[in-house]
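S.K.: Sequence first, predicted model second:
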Amino acid sequence: MPTSFLEIIQLPTGEYALRRADDESTPLVRIRFSDEAKEMLQDNDLNVAKAMITAGLEAAGSTTDDIGDMEMEEEDTMPPAYNQTVH
C-alpha cells in the first residue's frame with residue numbers, strides 16, 4: 001500500500017477531521033467539541049484536537065505492534081501440530 005500523508009482540517013461544521021491529504025472524501029476521524037468544551041478550551045480546541053489525534057495514532061500503532069508480538073509469542077508456545085498447515 002503506498003504511503004499517504006495525513007492532514008488535520010477544520011470542516012465547515014466546526015469539527016476537526018483527519019483525512020488523507022490526497023483524498024477529500026469522507027475523513028478518517030472527526031472530532032466535535034461541545035459549546036461548553038470550546039468555552040473551557042479558550043481557543044485551544046485545534047491544539048487539543050491535534051493532541052487527541054496524535055494520541056490515537058500512537059495508540060493504534062502500539063496496539064498493532066502488541067498484536068504482532070502476541071501472535072509471535074503464540075507461535076512460539078503452541079504445540080508443533082498447531083504450527084502445521086492443514087489442507
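M.R.: Noted; the coordinates are in hand.

S.K.: rest of the way, CA atoms for contacts and neighbours
M.R.: Fine.

S.K.: Please tell me how far the most centrally placed residue in the chain sits from T26.
M.R.: Central residue of the chain (C-alpha atoms, centre = their mean): L57, 3.7 Å from the mean position. Look at L57 and T26: by C-alpha to C-alpha, to the nearest Å, they are 18 Å apart.

S.K.: Mean pLDDT per helix and strand in this protein: which one sits at the bottom?
M.R.: helix 45-77 (a mean of 77; mean pLDDT, DSSP states H and E).

S.K.: My understanding was that G14 contacts R30; is that so?
M.R.: No: in this structure G14 lies outside contact range of R30 using C-alpha atoms under 8 Å: 10.3 Å.

S.K.: So these two - more neighbours on which side?
M.R.: R30 (17 against 11; other C-alpha atoms under 10 Å).

S.K.: quick one: what helix or strand has the more buried one in it?
M.R.: Element membership for R30 (DSSP states H and E) is strand 29-31.

S.K.: Run me through the strand neighbours of that strand, direction for each.
M.R.: strand 16-20 (antiparallel) (DSSP bridges).

S.K.: So for the strand it pairs with, what gets flagged as buried?
M.R.: 16-20 (16 or more other C-alpha atoms under 10 Å).

S.K.: Distance of A37 relative to A55?
M.R.: For A37, the distance to A55 - C-alpha to C-alpha - is 19 Å.

S.K.: before we move on, what about E36?
M.R.: On the measure of C-alpha to C-alpha, E36 and A55 end up 23 Å apart.
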